[in-house]
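K.L.:
Can you look at this prediction? I've put the sequence above it.
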Amino acid sequence: MRKYIVIGITGIIIMISSRYLARLFPDNWYENTQMLILALGSMITGASFMSYDHERKMMKNVKYRYEVNDERNIMIREKSAYMVNCINMLLIAGIGIVFLMLDFQIAALVIIGLLIIQPILMIVSSSRISKKV
């Protein structure tokens, strides 16, 4: 649980130093880079503190632990994650088509790479999780 706090503090430090880190990039990129670094720090901080809260509840609250580990809830989470993954792949494919139509080849190739990698990651992660259970 300590690692979540350290990662969260790192995210806060990234958010605070976003103004100074953005100066490493050219002047015309300054505002966009600062916003991007600020968003990255916010995501790191939010994810780490949510993970910390979840771990703390799993240790202290028996009812919460029972609800999280209930087979029905696990099945619901798996099905919803699969549906969100399918919707996400359709959205990424749509963005890839738009990039191809706008003649952005590099961005389209990156998105095609994501479309290839995402199902592989889903298969690998589901097989690893099923071996643990």
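P.N.:
It's in. Numbering: from 1, shown residues only.

K.L.:
could you point out where the protein is predicted with low confidence?
P.N.:
For the chain, applying pLDDT under 70 flags the ranges 133.

K.L.:
Where do the domain boundaries of it fall?
P.N.:
Annotated domains of the chain cover 1-69, 70-133 [automatic domain parsing].

K.L.:
which of those is buried the deepest?
P.N.:
domain 1-69 (a mean of 14; mean count of other Cβ atoms under 10 Å). Bear in mind the C-beta positions are built from the backbone N, C-alpha and C, glycine included.

K.L.:
Any idea how far apart the tips of that one sit?
P.N.:
End-to-end span of domain 1-69 (Cα to Cα, to the nearest Å): 19 Å.

K.L.:
from the chain's centre, how far out does it sit?
P.N.:
Centroid displacement of domain 1-69 relative to its chain, using Cα atoms, centre = their mean, to the nearest Å, is 11 Å.

K.L.:
Please apply the same query to stretch 119-132.
P.N.:
In terms of Cα atoms, centre = their mean, the centre of stretch 119-132 is found 17 Å from the chain centre.
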